[in-house]
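Chemist: Can you look at this prediction? I've put the sequence above it.
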Protein chains: 2
Amino acid sequence: MENTNSLPEGKKFRVRKMELSDKSKGFMELLRQLTVCDSVSDKEFEDRFKEISMYGDDHVICVIEDEISGKIVASGSVFIEKKFLRNCGKVGHIEDVVVDAGARGMQLGKKVVEFLADHARSMGCYKVILNCSDENKVFYEKCGFKQKEIQMVKYFV
Amino acid sequence: MENTNSLPEGKKFRVRKMELSDKSKGFMELLRQLTVCDSVSDKEFEDRFKEISMYGDDHVICVIEDEISGKIVASGSVFIEKKFLRNCGKVGHIEDVVVDAGARGMQLGKKVVEFLADHARSMGCYKVILNCSDENKVFYEKCGFKQKEIQMVKYFV
């Protein structure tokens, strides 16, 4: 079951854009599987949701809802960067792709990445990029990505 | 001269935010040293400038102007990504850092990166990230960055 493309019996998932009500469906608990993610108040969550929504199609968060449990089991985001180079081109940046530990092996991560890449393409991006660990490289290759550069980081806190 | 921190005799540079009039000061010719960068019309340039300006402090382009020649000799951009994780944290993404081939060895690239990283920090980012080739790794280490992950890319065109 874990290695097939088809969904297990009785499973039903919906791939869609994130909604404000997803906080009560385990969205933050899902992100916590990715990195440090303290609990935020409903007000903080709503404020951040509104800030991101202001960007419209330039910043989209995809979620997959398990329609049986009502829980968010996968997520990822993409934002569209506007450049001057490449004939005033656009680049999609994929961030924070995560699949719930209990929902792996059902190609949900691939569905999230496809949703985000399709969005970037539909927005006119000439490419979509992301950063990942060495151990996730094979997964993204299966999604049609190739390794290009290295990521450098500077922490402030 | 090329390896010192001090500016050569008679040189004067100004580090500032990009302005619409920088198109006539060689901004696009500078970007062309970085990657494919076809010439764009004044109208296209102005439209893209306005689109980016709409993001205010969330998308800033830094330039360095040679005050003797009136030419833009270095540039780089940063945009601020708003997340839910890390207590609704923010991340600065640095892009398109370039120094004119005739203006290297005067720490102008470092000044651009510092300007962009300082901006990200002042906006409340917990980190700033960028992608670069292996050969530019040492330069970014001198700017206080460390290698973390790998960059994956998918081209649409």
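Modeler: Nice, thanks for sending it over.
Chemist: same question for stretch A:57-74, mean pLDDT?
Modeler: Stretch A:57-74 shows an average pLDDT of 97 in the prediction.
Chemist: can you check stretch A:18-26 too?
Modeler: Mean predicted lDDT for stretch A:18-26 stands at 97.
Chemist: Give me the buried positions along it.
Modeler: A:18, A:22-23, A:25-26 (16 or more other Cβ atoms under 10 Å in any protein chain shown). For the C-beta atoms, the positions are set from N, CA and C on the backbone; glycine is no exception.
Chemist: And those residues, which is closest to residue B:72?
Modeler: Nearest to residue B:72 among these, counting by Cβ to Cβ, is residue A:18 at 39.4 Å.
Chemist: coming back round to it: out of the buried residues of stretch A:18-26, which comes closest to residue B:156?
Modeler: Nearest member of these to residue B:156, counting by Cβ to Cβ, is residue A:18, at 23.6 Å.
Chemist: Let me see the contact set for that closest one.
Modeler: Counting by Cβ atoms under 8 Å, 6 or more residues apart in numbering or on different chains, residue A:18 makes contact with A:27, A:61-63, A:75.
Chemist: Go back to those and keep what's next to chain B.
Modeler: The subset of these within reach of chain B, by Cβ under 8 Å from any Cβ of the partner chain, is residue A:27.
Chemist: in the sheet, who's paired with the residue nearest in space to the middle of chain A?
Modeler: What sits nearest the mean C-alpha location of chain A, by Cα atoms, centre = their mean, is residue A:76, with 0.8 Å. Beta-bridge pairing for residue A:76 (DSSP bridges): residue A:62.
Chemist: Compare the contacts of residue A:18 and tell me which is most surrounded.
Modeler: residue A:75 (25 neighbours; other Cβ atoms under 10 Å in any protein chain shown).
Chemist: my guess is it contacts residue A:29, does it?
Modeler: No - under the criterion of Cβ atoms under 8 Å, residue A:75 is not in contact with residue A:29, lying 11.0 Å apart.
Chemist: State the distance from residue A:10 to residue A:99.
Modeler: Separation of residue A:10 from residue A:99 (Cβ to Cβ, to the nearest Å): 19 Å.
Chemist: Looking only at neighbour counts, state which of the two leads.
Modeler: residue A:99 (24 against 6).
Chemist: and that one, what does it touch?
Modeler: A:73-74, A:108-109, A:112.
Chemist: Look at it and report its pLDDT.
Modeler: If you check residue A:99, the pLDDT there is 97.
Chemist: next one: residue A:1
Modeler: On pLDDT, residue A:1 comes in at 34.
Chemist: one step back: turn the contacts of residue A:99 into a markdown table, columns for neighbour count and distance to chain B.
Modeler: Below are the contacts of residue A:99 laid out as a markdown table (neighbours: other Cβ atoms under 10 Å in any protein chain shown; distance: Cβ to the nearest Cβ, whole Å):
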| residue | neighbour count | distance to chain B |
| --- | --- | --- |
| A:73 | 22 | 16 |
| A:74 | 27 | 15 |
| A:108 | 21 | 19 |
| A:109 | 23 | 13 |
| A:112 | 26 | 14 |
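Chemist: The buried residues of stretch A:18-26 in helices, which ones?
Modeler: Among those, none falls in helices (DSSP state H).
Chemist: isn't the residue nearest to the centre of chain A right up against residue A:119?
Modeler: No - if you go by Cβ under 8 Å, residue A:76 and residue A:119 don't touch, sitting 10.4 Å apart.
Chemist: So for those two, which residues contact both of them?
Modeler: Shared contacts of residue A:76 and residue A:119, defined by Cβ under 8 Å, 6+ apart, comprise residue A:62.
Chemist: shaky segments in chain A?
Modeler: Residue ranges of chain A with pLDDT under 70: A:1-6.
Chemist: what's near enough to touch residue A:12?
Modeler: With Cβ under 8 Å, 6+ apart, residue A:12 has these contacts: A:66-68.
Chemist: mind checking the backbone torsions on it?
Modeler: phi -150, psi 120 (degrees, to the nearest 10).
Chemist: The nearest residue to residue A:134 once chain neighbours are set aside: helix or strand, and which one exactly?
Modeler: Counting by Cβ to Cβ, 6 or more residues apart in numbering or on different chains, residue A:134 lies nearest to residue B:150, which is 6.3 Å off, once chain neighbours are set aside. In this assignment (DSSP states H and E), residue B:150 forms part of strand B:146-155.
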